[in-house]
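> the following block contains a protein sequence and its predicted model.
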Amino acid sequence: MSKILIVEDEESIAELEKDYLELSGFEVEIENDGEAGLKRAISEEFDLFILDLMLPGVDGFEICKKIRETKNTPVIMISAKKDDIDKIRGLGLGADDYITKPFSPSEMVARVKAHLSRYERLIGSGTPVNDIIEIRGLKIDKTARRVYVNGEEKNFTTKEFDLLAFLAQNPNHVFTKEELFSKIWDMESIGDIATVTVHIKKIREKIEMNTAKPQYIETIWGVGYRFKV
């Protein structure tokens, strides 16, 4: 049974989320304070985190940042703030998804299931041994889920790695943002494809010598992205 931590200061919303998730078979814990939520997120093992953005003590951005320093566990951020800048900041810190209030509890459960399903497949035992892609100083170890640029290891979030590996194993193929969102996030009809743009930007910052003139991931204006070989 997957274990989920909800960090949400509005008790009614937290209980609603918990009820729907428990009906779907998940074990759910709640913290209404940011500091307490951060402490548990770092010290205990959970399969997924649901973080409210505005919290007393420590906000959701800071909790997400701290989680990503040590864990690749899926993180979903929930907030009443609909500004793109907040979405971009949250995704840039390593969140896997961003849901704005008010939201459908059923949609939230669907997103939780999608992220957990993908994460469980990624950490499963079916990955081929020594599956490595090497192109012009870039080494992607799909088995160990590690990335090296000219011998230097770079830290990637789960979705950043998935997106880079997918593009690299399909060289010169142009994918639209919608196709990439469907392939990597497993959610064809829900979510925000701006997520793809944010993740491409973060990947380029880690692997490109000059992000203005990328040598690996090329933008095909009006269409999407491709991995150049």
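Received the coordinates, thanks.

> residue 98 is in contact with residue 89, isn't it?
No: contact between residue 98 and residue 89 fails when scored by Cβ atoms under 8 Å: they sit 9.5 Å apart. Bear in mind the C-beta positions are built from the backbone N, C-alpha and C, glycine included.

> between these two, who's got more neighbours?
Neighbours were counted for residue 98 and for residue 89 using other Cβ atoms under 10 Å; residue 98 has more, 25 against 17.

> for that one, pull up the helix or strand it's in.
In this assignment (DSSP states H and E), residue 98 forms part of strand 97-100.

> can you list contacts of the following helix or strand past that strand?
Toward the C-terminus, strand 97-100 is succeeded by helix 105-122 as the next helix or strand (DSSP H and E). Counting by Cβ atoms under 8 Å, 6 or more residues apart in numbering, the neighbours of helix 105-122 from elsewhere in the structure are 2, 4, 16-17, 20-21, 24, 26, 47-48, 50, 72-74, 76, 78, 96-97, 99, 145, 158, 162, 185-187, 190-191.

> could you rerun that using 6 Å?
For helix 105-122, the surrounding residues in contact (Cβ atoms under 6 Å, 6 or more residues apart in numbering) are 2, 20, 24, 48, 74, 96-97, 186-187, 190.

> neighbours around residue 46, how many?
Here the neighbour count serves as a burial measure; for residue 46 (other Cβ under 10 Å) it reads 20.

> what does residue 151 give?
Burial of residue 151, expressed as a neighbour count using other Cβ under 10 Å, amounts to 7.

> measure it to residue 225 for me?
The spacing between residue 151 and residue 225, counted by Cβ to Cβ, to the nearest Å, is 26 Å.

> show me where this protein has helices.
Chain-ordered helices for the chain, with DSSP state H as the definition, fall at 11-23, 34-43, 60-70, 84-92, 105-122, 158-168, 177-185, 194-207.

> tell me the confidence at the residue lying closest to residue 132 once chain neighbours are set aside?
Setting aside the residues directly before and after it, residue 132 is nearest to residue 141 in space (Cβ to Cβ, 6 or more residues apart in numbering), at 5.2 Å. Among the per-residue scores, residue 141 shows a pLDDT of 90.

> give the bridge partners for residue 141, please.
Following DSSP bridges, residue 141 is listed with bridge partners residue 132, residue 146.

> and it, how many neighbours?
Each residue near residue 141 was counted by other Cβ under 10 Å, and the total is 17.

> least confident of the contacts of helix 105-122?
The lowest pLDDT within the contacts of helix 105-122 belongs to residue 190, with 58.

> least confident of the helices of the chain, on average?
Looking at these, the lowest mean pLDDT belongs to helix 84-92 (a mean of 79).

> show me what that one is packed against.
For helix 84-92, the packing partners by 3 or more Cβ pairs under 6 Å, 6 or more residues apart in numbering; DSSP states H and E come out as helix 194-207.

> which parts of the helix it packs on are buried?
Residues of helix 194-207 classed as buried under the neighbour-count rule (16 or more other Cβ atoms under 10 Å) are 195-200, 202-204, 207.
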